[in-house]
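Engineer: sequence first, then the predicted structure:
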Amino acid sequence: MPRGIYNRDTEIVRAGYAKMKGRTKENDAGRAIVSEKQRGKPKKKTKYSYKGTRKDFMALVRKTMFDILGDHCVECGKYLRNQSRPQPHHIIPETKRFAILTESHKYTWEEIIEEINKCELRCHGCHMAAHKQLRKLDKNITC
(Lines give C-alpha, C1' and ligand atoms only; values in the text may rest on other atoms or scores of the structure.)
Protein backbone atom coordinates (compact mmCIF):
# COMPACT_ATOMS: atom_id res chain seq x y z
CA MET A 1 0.00 0.00 0.00
CA PRO A 2 1.51 3.35 -0.95
CA ARG A 3 2.28 5.68 1.93
CA GLY A 4 0.05 8.69 2.40
CA ILE A 5 -3.04 7.21 0.75
CA TYR A 6 -5.61 6.49 3.45
CA ASN A 7 -9.37 6.37 3.70
CA ARG A 8 -11.14 8.53 6.24
CA ASP A 9 -10.76 5.76 8.78
CA THR A 10 -7.03 5.06 8.75
CA GLU A 11 -7.30 2.25 11.29
CA ILE A 12 -9.45 0.18 8.92
CA VAL A 13 -7.03 0.77 6.05
CA ARG A 14 -4.04 -0.17 8.21
CA ALA A 15 -5.88 -3.20 9.50
CA GLY A 16 -6.81 -4.24 5.97
CA TYR A 17 -3.20 -3.92 4.87
CA ALA A 18 -2.00 -5.91 7.88
CA LYS A 19 -4.65 -8.55 7.15
CA MET A 20 -3.44 -8.79 3.55
CA LYS A 21 0.02 -9.51 4.83
CA GLY A 22 -1.32 -12.17 7.21
CA ARG A 23 -0.27 -10.39 10.38
CA THR A 24 -3.60 -10.02 12.17
CA LYS A 25 -6.64 -11.82 13.54
CA GLU A 26 -10.26 -10.96 12.77
CA ASN A 27 -12.87 -9.91 15.29
CA ASP A 28 -16.59 -10.92 15.24
CA ALA A 29 -17.48 -8.26 12.68
CA GLY A 30 -14.89 -9.52 10.24
CA ARG A 31 -12.57 -6.54 10.70
CA ALA A 32 -8.90 -7.12 11.25
CA ILE A 33 -7.52 -6.43 14.71
CA VAL A 34 -4.33 -4.39 14.60
CA SER A 35 -1.79 -5.06 17.32
CA GLU A 36 -0.27 -2.23 19.38
CA LYS A 37 3.07 -2.86 17.71
CA GLN A 38 1.60 -2.32 14.24
CA ARG A 39 -0.38 0.74 15.36
CA GLY A 40 2.78 2.49 16.50
CA LYS A 41 4.16 3.29 19.90
CA PRO A 42 2.74 6.30 21.74
CA LYS A 43 5.10 9.26 22.03
CA LYS A 44 7.05 9.50 25.23
CA LYS A 45 6.12 12.41 27.44
CA THR A 46 8.88 14.91 28.05
CA LYS A 47 9.86 15.85 31.57
CA TYR A 48 9.42 19.59 31.24
CA SER A 49 6.00 21.13 31.57
CA TYR A 50 6.41 23.98 29.06
CA LYS A 51 3.53 23.92 26.56
CA GLY A 52 5.09 25.99 23.75
CA THR A 53 7.52 24.99 21.01
CA ARG A 54 11.03 23.82 21.72
CA LYS A 55 12.40 27.05 20.22
CA ASP A 56 10.35 29.10 22.70
CA PHE A 57 11.46 26.83 25.53
CA MET A 58 15.14 27.25 24.63
CA ALA A 59 14.66 31.05 24.47
CA LEU A 60 13.22 30.90 27.99
CA VAL A 61 16.20 28.80 29.18
CA ARG A 62 18.59 31.31 27.63
CA LYS A 63 16.79 34.27 29.27
CA THR A 64 16.88 32.46 32.63
CA MET A 65 20.59 31.75 32.15
CA PHE A 66 21.24 35.49 31.60
CA ASP A 67 19.12 36.38 34.65
CA ILE A 68 21.11 34.01 36.89
CA LEU A 69 24.63 34.39 35.46
CA GLY A 70 24.54 37.96 34.18
CA ASP A 71 25.10 39.06 30.60
CA HIS A 72 28.85 39.69 30.46
CA CYS A 73 31.79 37.33 29.99
CA VAL A 74 33.54 36.64 33.33
CA GLU A 75 37.00 36.85 31.68
CA CYS A 76 36.93 39.80 29.29
CA GLY A 77 33.66 41.53 30.22
CA LYS A 78 32.20 41.33 26.71
CA TYR A 79 28.42 41.90 26.47
CA LEU A 80 26.85 38.56 25.48
CA ARG A 81 23.08 39.13 25.29
CA ASN A 82 23.19 40.04 21.61
CA GLN A 83 25.41 37.11 20.62
CA SER A 84 23.77 34.22 18.83
CA ARG A 85 25.22 31.65 21.24
CA PRO A 86 26.76 32.59 24.58
CA GLN A 87 28.65 29.73 26.17
CA PRO A 88 28.03 28.59 29.73
CA HIS A 89 31.24 27.10 31.12
CA HIS A 90 31.04 24.45 33.84
CA ILE A 91 33.43 25.53 36.57
CA ILE A 92 34.04 21.93 37.66
CA PRO A 93 33.78 19.77 34.49
CA GLU A 94 33.13 16.55 36.45
CA THR A 95 29.81 17.92 37.74
CA LYS A 96 28.39 18.48 34.24
CA ARG A 97 25.22 16.42 33.62
CA PHE A 98 24.10 17.94 30.30
CA ALA A 99 24.72 20.80 27.88
CA ILE A 100 22.39 23.63 28.90
CA LEU A 101 21.77 25.20 25.49
CA THR A 102 21.19 21.96 23.56
CA GLU A 103 19.84 19.28 25.91
CA SER A 104 17.78 21.12 28.51
CA HIS A 105 14.47 20.16 26.85
CA LYS A 106 14.95 16.67 28.29
CA TYR A 107 15.12 17.81 31.93
CA THR A 108 12.86 19.37 34.52
CA TRP A 109 13.03 23.07 35.29
CA GLU A 110 14.64 22.42 38.72
CA GLU A 111 17.39 20.35 37.07
CA ILE A 112 18.03 23.11 34.52
CA ILE A 113 18.36 25.77 37.24
CA GLU A 114 20.67 23.48 39.21
CA GLU A 115 22.86 22.99 36.11
CA ILE A 116 22.95 26.73 35.32
CA ASN A 117 24.16 27.41 38.88
CA LYS A 118 27.21 25.20 38.23
CA CYS A 119 28.33 27.46 35.36
CA GLU A 120 29.80 30.82 34.53
CA LEU A 121 29.11 32.71 31.31
CA ARG A 122 31.94 33.17 28.80
CA CYS A 123 32.32 34.43 25.25
CA HIS A 124 33.49 31.98 22.60
CA GLY A 125 37.16 32.98 22.70
CA CYS A 126 37.45 32.85 26.48
CA HIS A 127 35.55 29.55 26.62
CA MET A 128 37.92 27.92 24.11
CA ALA A 129 40.94 29.30 25.99
CA ALA A 130 39.62 27.85 29.26
CA HIS A 131 39.16 24.42 27.69
CA LYS A 132 42.59 24.59 26.09
CA GLN A 133 44.10 25.09 29.54
CA LEU A 134 42.01 22.22 30.93
CA ARG A 135 43.14 19.90 28.13
CA LYS A 136 46.76 20.72 28.89
CA LEU A 137 46.18 19.65 32.50
CA ASP A 138 44.10 16.56 31.76
CA LYS A 139 43.84 14.85 28.35
CA ASN A 140 40.50 13.14 29.23
CA ILE A 141 38.42 16.32 29.68
CA THR A 142 35.69 16.92 27.11
CA CYS A 143 34.20 20.26 26.12
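Structural biologist: Cool, the structure landed. Numbers count the residues shown, from 1 in each chain.
Engineer: can you show me the strands along the chain?
Structural biologist: Using DSSP state E, the strands of the chain run over 25-26, 32-33, 87-90, 119-122.
Engineer: outside of the third one, which residues touch it?
Structural biologist: Contacts to strand 87-90, defined as Cβ atoms under 8 Å, 6 or more residues apart in numbering, come from residues 65, 69, 96, 100-101, 116, 118-124, 127, 130. Where C-beta positions appear, they are placed from N, C-alpha and C, glycine not excepted.
Engineer: and it, which strands flank it?
Structural biologist: strand 119-122 (antiparallel) (DSSP bridges).
Engineer: what is the rounded mean pLDDT of the partner strand?
Structural biologist: Averaged across strand 119-122, pLDDT comes to 93.
Engineer: just the buried positions in the helix ranked longest in the chain, please.
Structural biologist: Secondary structure assigned by DSSP state H gives helix 54-69 as the longest helix of the chain. The neighbour-count check on helix 54-69 (16 or more other Cβ atoms under 10 Å) flags 57-58, 60-62, 64-66, 69 as buried.
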